[in-house]
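Chemist: Would you be able to build a 3D model of this:
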Amino acid sequence: MNESVFAQLRGACARVVERARCVRIDPQALAALAGELARTPPTQPHPDPAHDPRGDPDARLAFVLVLDAINFGSGYFPYLAKSPGISGYFTVATRLRERFEAGGSWNARELARLSARDCADWLAQDLAVPEVAELMSLYARALNDLGSFLSERYAGRFEGPVVAARHSAERMVEILSGMPFYRDVSRYEEIRVPFYKRAQLTVADLAIAFEGRGYGEFRDLDQLTCFADNLVPHVLRRAGALVYAPELAKRIDAGEPIRSGSPEEVEIRAAAVHAVERCVDILEAAGVSTTAHRLDYVLWNRGQTSEVKARPRHRARSVYY
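Modeler: Have a look, this model is predicted:
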């Protein structure tokens, strides 16, 4: 029997951690973090537009799929014009919500024709800033891909890929990876590491937005892993659970970009996934029932605190997170 995508990812991350040269997991700090999580209630979640159950189901589905199509670019966010007091992600998500409320959803044909200028207009961004212009171009490509994908495979219907997944998170991840910017697979030496961060996150967002019913019903939801980005590793590092080699730590602390797909970037992401898996095991052994994606949600919300945000996280200009 073939291994699931999720089992492949877990196994690959464990192998990367065994060989890693720049990142390691501190078992004692990880156990201390798990103990803290077991004793304290989760951080109050920040209200996320992706999880807001407003509108009819079809409009809600369109919003989640469009938002998650452009849910990347954290390496560019220092240059983004943000709304007062909120992060790059929440700026993008909130302005997209406002665009949907004012003008409704784009259809698949309209998505396929959006330009960088269109994205900059509804996100209120300045294309004269080179990094912003690059990100808006990537957002346009991502939305063009989504529009073409829906038109060519599902007659333009947003529900098409969800229906085709037949309530399988794994199948939904495989379907979404048909779009280039969802094909989040790295190489570390000879190891293939299928992170599929945004594809997995889309499944989780749908499950939350639809409260596990209808478009949000996935029978294997508990198999999702941590969503390997740059915030959860940062939270784990701040807790001492991830330890970076001095040269890598110096580069990150100085705000130097880390190349997407580089060995050190793959090590950071793989170590975060593996650390979360080990944390789940510790919690389960202590009688605390949880899953990797639930723990990711708790850690990600911890990353929204001013204390965590005050220290630099790694920045990679990537379409995967």
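Chemist: who touches L248 in this structure?
Modeler: 22-23, 264 (C-beta atoms under 8 Å, 6 or more residues apart in numbering). C-beta: built from backbone N, CA, C; applies to glycine.
Chemist: cool, and Y182?
Modeler: Y182 neighbours (C-beta under 8 Å, 6+ apart): 176, 196, 198-199.
Chemist: right, and Y76 touches A133 too?
Modeler: No: between Y76 and A133 there is no contact under C-beta atoms under 8 Å: 10.0 Å.
Chemist: okay, those two: which has more neighbours?
Modeler: Taking neighbours as other C-beta atoms under 10 Å, Y76 and A133 compare with Y76 leading, 22 against 18.
Chemist: Among the contacts of L248, which one lies nearest to E36?
Modeler: Taking C-beta to C-beta as the measure, E36 lies nearest V23 of the contacts of L248, at 21.5 Å.
Chemist: On the three-state scheme, V243 is what?
Modeler: Look at V243: counting by DSSP: H, G, I helix; E, B strand; the rest coil, its state is strand.
Chemist: can you pull out the strands in the stretch 101-250 of the chain?
Modeler: Along the stretch 101-250 of the chain, counting by DSSP state E, counting those that start in this stretch, strands occupy 185-188, 191-194, 242-244.
Chemist: packing partners for the shortest one?
Modeler: In terms of contacts (3 or more C-beta pairs under 8 Å, 6 or more residues apart in numbering; DSSP states H and E), strand 242-244 is packed against strand 23-25, helix 231-238, helix 263-285.
Chemist: Could you please name the strands it pairs with and the direction of each pair?
Modeler: Using DSSP bridges, the strands paired with strand 242-244 in its sheet are strand 23-25 (antiparallel).
Chemist: ok so, going back, specify the stretch among the strands of the stretch 101-250 of the chain that is closest to S137.
Modeler: For the strands of the stretch 101-250 of the chain, the distance to S137 is smallest for strand 185-188, at 22.7 Å, taking C-beta to C-beta.
Chemist: Can you tell me how far the nearest residue to T202 once chain neighbours are set aside is from G85?
Modeler: Spatially, and ignoring its direct neighbours in sequence, T202 is nearest to D68 (4.3 Å; C-beta to C-beta, 6 or more residues apart in numbering). Here D68 is placed at a distance of 24 Å from G85 (C-beta to C-beta, to the nearest Å).
Chemist: try R15
Modeler: Computed with C-beta to C-beta, the distance linking R15 and G85 is 41 Å.
Chemist: what does P194 give?
Modeler: 36 Å.
Chemist: cool, A249 as well?
Modeler: 29 Å.
Chemist: Which of these two has more residues huddled nearby?
Modeler: Neighbours were counted for A249 and for G85 using other C-beta under 10 Å; A249 has more, 16 against 6.
Chemist: Give me the distance between the more buried one and E256.
Modeler: 11 Å.
Chemist: Equivalent analysis for V162, please.
Modeler: Distance, V162 to E256, by C-beta to C-beta: 40 Å.
Chemist: my guess is L37 contacts I282, does it?
Modeler: No: using C-beta under 8 Å, L37 is not in contact with I282, being 9.0 Å away.
Chemist: higher neighbour count, those two?
Modeler: Between L37 and I282, L37 has the larger neighbour count (other C-beta under 10 Å), namely 21 against 18.
Chemist: Let's have the helices and strands packed on strand 242-244 in CSV, adding distance to N107.
Modeler: Formatted as CSV, the helices and strands packed on strand 242-244 follow (distance: least, C-beta to C-beta, whole Å):
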stretch, distance to N107
strand 23-25, 44
helix 231-238, 33
helix 263-285, 35
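Chemist: Out of these, which one sits most buried?
Modeler: With neighbours taken as mean count of other C-beta atoms under 10 Å, the helices and strands packed on strand 242-244 reach their highest mean count in helix 231-238, at a mean of 25.
Chemist: tell me the angle of that one relative to helix 263-285?
Modeler: Counting by axes from the mean of the first three to the mean of the last three C-alpha atoms, to 10 degrees, helix 231-238 lies at 80 degrees to helix 263-285.
Chemist: What are the contacting residues of helix 231-238?
Modeler: Counting by C-beta under 8 Å, 6+ apart, 30, 33, 74, 226, 242-244, 268-269, 271-272, 275-276, 296, 299-300, 302-303, 308, 311, 313-314 sit against helix 231-238.
Chemist: same question, stretch 261-276
Modeler: Residues contacting stretch 261-276 (C-beta under 8 Å, 6+ apart): 9-10, 12-14, 16-17, 20-25, 30, 186-188, 193, 195, 197, 225-226, 228-230, 232-233, 236, 241-242, 244, 248, 258-259, 292, 295-296, 299, 314, 316.
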